[in-house]
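> The sequence and its predicted three-dimensional model are supplied below.
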Amino acid sequence: MSGDSQILSALSCLVLLAASLSSPVLGQVSGADSGEVVADDPSEPTTDSPETPETPNPLFLAVNELLDAGFQKGPVEASILEAIYNRQRAKLGGESSLLDYAYSIVLRKNFQATEGAAKLQEAASASEPVLLAREELIRQQIEKGKYSSAITELEGLAEAIRSIPHDSPQFAQAMKSAYWTGIAIDFLQNSLGNASISAEAQLLEARLSENLKDRYSLYFRSGLGDAALTRRSLLAAIEKTKSAIVESPKPKSLRKQKKRANKSPSSKSNSKRNSTSSGTSPQTMSLTSMPKSPRCRNSTPPLWKPKIPFRPTSF
């Protein structure tokens, strides 16, 4: 996947995560969903009361303002982005791993790769790590060929997923991360052709299958299965294309081009040159045997005629 597509994918996931964190009830399992009967609260009024507008969550506002400032048509100066980041961080009252992750995306988009990598590391190693930041670090390690480090980080990501309870606002993102973990492990196990890395990934798959429970285990197994299905489909398509290329006859256009090449004057001149190189000297050749130019069918060259400039007739 390209850098721009990765940034856009991370951006969309980040906005959804910020929206879920801004609503404490999002991601929780209600009593109706769990099959429980919820009784009416007698203290609540029976008449419909006018709804009061909800105040936006400060974290959601901070992330949105930083993203709006960083995603412009042209590059944004680093000093402007840093000022907005510091102002929003002060409004939140201190450190925020989600804001750090948003800042890393904005820096990468505006050609500040080194600073963006540092903020990404901070977001991934925080006390409340952003799962998306950990996924991005693992993806970068795989691209650099650091497969053993990626396997170690994948196990750490699985531990972070398992520690998130089902009533947490990050529960929805944790299930997606479990699915992504399955895809990454299948890639390391079956797509590299490295026996040692494949063995490590296979052992990690066995450990995570035991450690991840309930929905996390379901999403993890789904990621493994979907990745294997996609790989088999791609291999089947490749083999089908290879067999079609080998068995298909040459197109008529190629056969016609080959016949024209055999009848062209250049091929005849080449045959004459081959005859001269075989022992016939140029002095023994007659004028009638010389190849004629395709532009002039006569043996004598045409006379040169000067071009007369056009002169308008005077009336």
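Good, I have the coordinates. Quick caveat, the model's predicted, so the values are computed rather than measured.

> Now do the buried residues in whatever helix or strand residue 178 lives in.
Using DSSP states H and E, residue 178 sits within helix 171-190. For helix 171-190, a neighbour-count test (16 or more other C-beta atoms under 10 Å) marks 171, 173-189 as buried. The way it works is simple: take the backbone N, C-alpha and C, and place the C-beta from them, glycine included.

> Name the helix or strand for the closest residue to residue 62 other than its chain neighbours, please.
Spatial nearest neighbour of residue 62, excluding adjacent residues (C-beta to C-beta, 6 or more residues apart in numbering): residue 88 at 3.8 Å. Assigned by DSSP H and E, residue 88 belongs to helix 78-92.

> re earlier: for the residue nearest to residue 62, what are its contacts?
Contacts for residue 88 (C-beta atoms under 8 Å, 6 or more residues apart in numbering) come out as 62-63, 65-66, 99.

> what's the next secondary structure element after the helix or strand harbouring residue 133?
In the assignment (DSSP H and E), residue 133 maps to helix 131-143. Reading on from helix 131-143 to the C-terminus, the next helix or strand found by DSSP H and E is helix 147-162.

> Show me what that next one is in contact with.
With contact meaning C-beta under 8 Å, 6+ apart, helix 147-162 is reached by 129, 131, 134-135, 137-138, 141-142, 174, 177-178, 181, 184-185, 188, 192, 194, 197, 200-201, 204, 207-208, 211-213, 216, 220.

> Spell out for me the PyMOL command that would select the buried members of the residues you listed.
Buried residues among the contacts of helix 147-162 (16+ other C-beta under 10 Å), as a PyMOL selection:
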select buried, resi 129+131+134+135+137+138+141+142+174+177+178+181+184+185+188+197+200+201+204+208+212+216+220
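
> for the stretch 151-300 of the chain, what are the low-confidence residue spans?
Scanning the stretch 151-300 of the chain for pLDDT under 70 picks out 247-300.

> can you do 90?
Low-confidence segments of the stretch 151-300 of the chain, defined by pLDDT under 90: 166-170, 191-194, 210-211, 213-215, 228, 231-232, 234-300.

> that older thread, so which other helices or strands are in contact with the helix holding residue 133?
Counting contacts by 3 or more C-beta pairs under 8 Å, 6 or more residues apart in numbering; DSSP states H and E, helix 131-143 packs against helix 3-22, helix 97-109, helix 113-124, helix 147-162, helix 171-190.

> Mind listing residues that contact it?
For helix 131-143, contacts defined as C-beta under 8 Å, 6+ apart pick out 6, 10, 13-14, 17, 97, 100-101, 104, 120-121, 123-124, 147, 149-150, 153-154, 156-157, 160-161, 170, 173-174, 177, 180, 184, 187-188.
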